[in-house]
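K.L.:
just coords:
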Ligand code: ADP
Ligand code: C5P
Ligand code: MG
């Protein structure tokens, strides 16, 4: 067996031991996933892993997959799951943490099925930032982070991929009752108010009554 295979098995084994808690954060490009994840990290102590950020870092590291990743990103296409899952597993293990927001993943059925098969991790729930396309386009064109894929031609391709490949993943989790949907067209702070409700632990009503009576 090659060393790469051994390294992958080690990653998978380390993660299986940890049994991490995972929330998938999904939504169209520009829906505010990164913006809201930063706030969730501050308030609720999760570790934020953006699949897109990990792929950009891998591309910039000059790795053997760098050119392939760059070409896929410039076309708004989804990088093969094997590459992205390895990056996610590595980041999870190296963080030493056990509560993750996985942002921008799974982006298609292949991502979803492969992650489940390799890691055996089921998400606690899926946070879905729903936002109309005109607003997404406005936000991305104003994002100004020097991203090569934030141009109108690639944006249109990314929207198409979102509708055709990513929405079915959200539907899959909806059918399992796992989707928490948020109206992401509102201002950042209003969106976060809705997010907070989802992440704030619920106090059982009977317990609350008992506490008041005591
Ligand atoms: P994503 O990670 O989903 O692609 P980002 O968090 O990078 O989205 O947000 C895309 C752009 O829109 C950024 O410039 C960000 O500052 C801005 N933005 C995020 N949330 C909102 C919001 N609720 N209203 C207006 N602009 C927003
Ligand atoms: O989430 P973000 O907008 O940063 O993703 C940028 C690009 O990274 C996507 O358009 C896609 O090309 C690539 N990506 C991917 N697989 C993922 C997440 C992102 O191929 N799961
Ligand atoms: Mg992002």
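P.N.:
Thanks, I have it. No experiment lies behind these values; they were computed from the predicted model shown. Ligands and ions are numbered 1, 2, ... in the order given.
K.L.:
up against ligand 3, what does this structure have?
P.N.:
Within the chain, the positions adjacent to ligand 3 are 33-34 by Cβ under 5 Å from the ion. Every C-beta, even on glycine, is put in place using the N, C-alpha and C of the backbone.
K.L.:
low-confidence ranges, the protein, go.
P.N.:
Residue ranges of the chain with pLDDT under 70: 1-2, 205-214.
K.L.:
quick one: the helices in it?
P.N.:
3-18, 33-44, 51-60, 66-74, 81-95, 109-119, 133-141, 152-161, 167-175, 188-199, 205-213 (DSSP state H).
K.L.:
closest one to ligand 2 among those?
P.N.:
helix 51-60 (2.0 Å; Cβ to the nearest ligand atom).
K.L.:
look up how far residue 204 lies from the residue most central in space within the chain.
P.N.:
Residue closest to the mean C-alpha point of the chain, counted by Cα atoms, centre = their mean, is residue 103 at 1.7 Å. According to Cβ to Cβ, to the nearest Å, residue 103 and residue 204 sit 31 Å apart.
K.L.:
count of neighbours near the closest residue to residue 116 other than its chain neighbours?
P.N.:
Nearest non-adjacent residue to residue 116, counting by Cβ to Cβ, 6 or more residues apart in numbering: residue 122, 7.0 Å away. Residue 122: 11 surrounding residues under other Cβ atoms under 10 Å.
K.L.:
wait, residue 122 sits on residue 112?
P.N.:
No - taking Cβ atoms under 8 Å as the contact criterion, residue 122 and residue 112 are not neighbours in contact, 10.8 Å apart.
K.L.:
follow-up on the earlier one: to residue 26, which of the helices of the chain lies closest?
P.N.:
Residue 26 lies closest to helix 167-175 among those, at 5.8 Å (Cβ to Cβ).
K.L.:
tell me how far the closest residue to ligand 3 within the chain lies from residue 50.
P.N.:
Closest residue of the chain to ligand 3, Cβ to the ion: residue 34 (3.5 Å). Counting by Cβ to Cβ, the separation of residue 34 from residue 50 is 6 Å.
K.L.:
comparing these two, which residue is more hemmed in?
P.N.:
A count of neighbours by other Cβ under 10 Å puts residue 50 above the other of residue 34 and residue 50, at 20 against 17.
K.L.:
that one bridge partners, please.
P.N.:
residue 103 (DSSP bridges).
K.L.:
hang on, isn't it packed against residue 103?
P.N.:
Yes - under the criterion of Cβ under 8 Å, residue 50 makes contact with residue 103 at 4.3 Å.
K.L.:
quick revisit: okay, and the common contacts of residue 34 and residue 50?
P.N.:
Residues touching both residue 34 and residue 50 (Cβ atoms under 8 Å, 6 or more residues apart in numbering): residue 103.
K.L.:
what is the burial count for residue 21?
P.N.:
13.
K.L.:
check contacts around it.
P.N.:
So residue 21 contacts 98-100, 124 (Cβ under 8 Å, 6+ apart).
K.L.:
can I get the buried ones among those residues as something I can paste into PyMOL?
P.N.:
In PyMOL syntax, the buried subset of these is picked out as below (16 or more other Cβ atoms under 10 Å):
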select buried, resi 100
